[in-house]
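Peer 1: How does the following fold in three dimensions:
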Amino acid sequence: MATKGCSHEDQIRDAPPRAEGCEECLAQGGRWVELRRCLVCGHVGCCDSSPHRHARAHFEATHHPVIQTFEPGEAWRWCYVDEVYLPDGRELSHEDLRRHHPQQP
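Peer 2: The predicted model follows:
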């Protein structure tokens, strides 16, 4: 059986993260469970398990389809439109964790 692929890989720019935590949660004093980085523009938002689901809200507002986990030791990517995982990107190291994950407010 053939697996469905992502038709949006051409939109990936591997943009650097724009923030060290969820941009909206940091601005509002909110909390997150895990973080996701938009691979089109670098927006960092909280995951669907977080109270505000800012990564998904960013997708819904911008239609930027592909995110990557922004968690150390993980490298998976996800396409919201096609609802498929993509081949892994660069895995975050513990040094990345220190640089990109501040203490939450």
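
Peer 1: Can you tell me the SS state at the one residue sitting closest to the centre of the chain?
Peer 2: Nearest to the geometric centre of the chain sits Arg36, at 2.0 Å (Cα atoms, centre = their mean). When classified by DSSP: H, G, I helix; E, B strand; the rest coil, Arg36 comes out as strand.

Peer 1: could you list every residue that touches it?
Peer 2: Val44, Gly45, Cys46, Cys47, Ala55, Ile67, Gln68, Thr69, Phe70, Trp78 (Cβ atoms under 8 Å, 6 or more residues apart in numbering). In short, each C-beta sits where N, CA and C put it, glycine included.

Peer 1: and what of Ala55?
Peer 2: Going by Cβ under 8 Å, 6+ apart, the list of residues near Ala55 reads Cys22, Leu35, Arg36, Cys38, His43, Gly45, Cys46, Cys47, Asp48, Ile67.

Peer 1: Return the helix or strand in this protein with minimum mean pLDDT.
Peer 2: helix 94-100 (a mean of 53; mean pLDDT, DSSP states H and E).

Peer 1: List the buried residues for the top helix by length along the chain?
Peer 2: Longest helix in the chain by number of residues (criterion: DSSP state H): helix 54-62. For helix 54-62, the neighbour count (16 or more other Cβ atoms under 10 Å) marks His54, Ala55, Arg56, His58, Phe59 as buried.

Peer 1: C-alpha coordinates for stretch 5-24, PDB please?
Peer 2: Extracted in PDB, the C-alpha atoms of stretch 5-24 (Å, rounded to 0.1, in the frame of the first residue of the first chain):
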ATOM      1  CA  GLY A   5       3.200  12.100   1.100                       C
ATOM      2  CA  CYS A   6       3.500  15.800   1.700                       C
ATOM      3  CA  SER A   7       2.800  18.100  -1.200                       C
ATOM      4  CA  HIS A   8       4.200  21.200   0.600                       C
ATOM      5  CA  GLU A   9       7.900  20.400   1.100                       C
ATOM      6  CA  ASP A  10       8.700  23.100  -1.500                       C
ATOM      7  CA  GLN A  11       7.500  25.700   1.000                       C
ATOM      8  CA  ILE A  12      10.000  24.700   3.700                       C
ATOM      9  CA  ARG A  13      12.600  27.500   4.200                       C
ATOM     10  CA  ASP A  14      14.100  26.000   7.400                       C
ATOM     11  CA  ALA A  15      13.700  29.500   8.900                       C
ATOM     12  CA  PRO A  16      15.500  30.100  12.200                       C
ATOM     13  CA  PRO A  17      13.400  30.300  15.300                       C
ATOM     14  CA  ARG A  18      12.000  33.800  16.000                       C
ATOM     15  CA  ALA A  19      11.800  33.300  19.700                       C
ATOM     16  CA  GLU A  20      13.100  31.100  22.500                       C
ATOM     17  CA  GLY A  21       9.600  30.000  23.600                       C
ATOM     18  CA  CYS A  22       6.100  30.200  22.400                       C
ATOM     19  CA  GLU A  23       5.900  33.800  21.100                       C
ATOM     20  CA  GLU A  24       2.300  34.400  22.200                       C
END
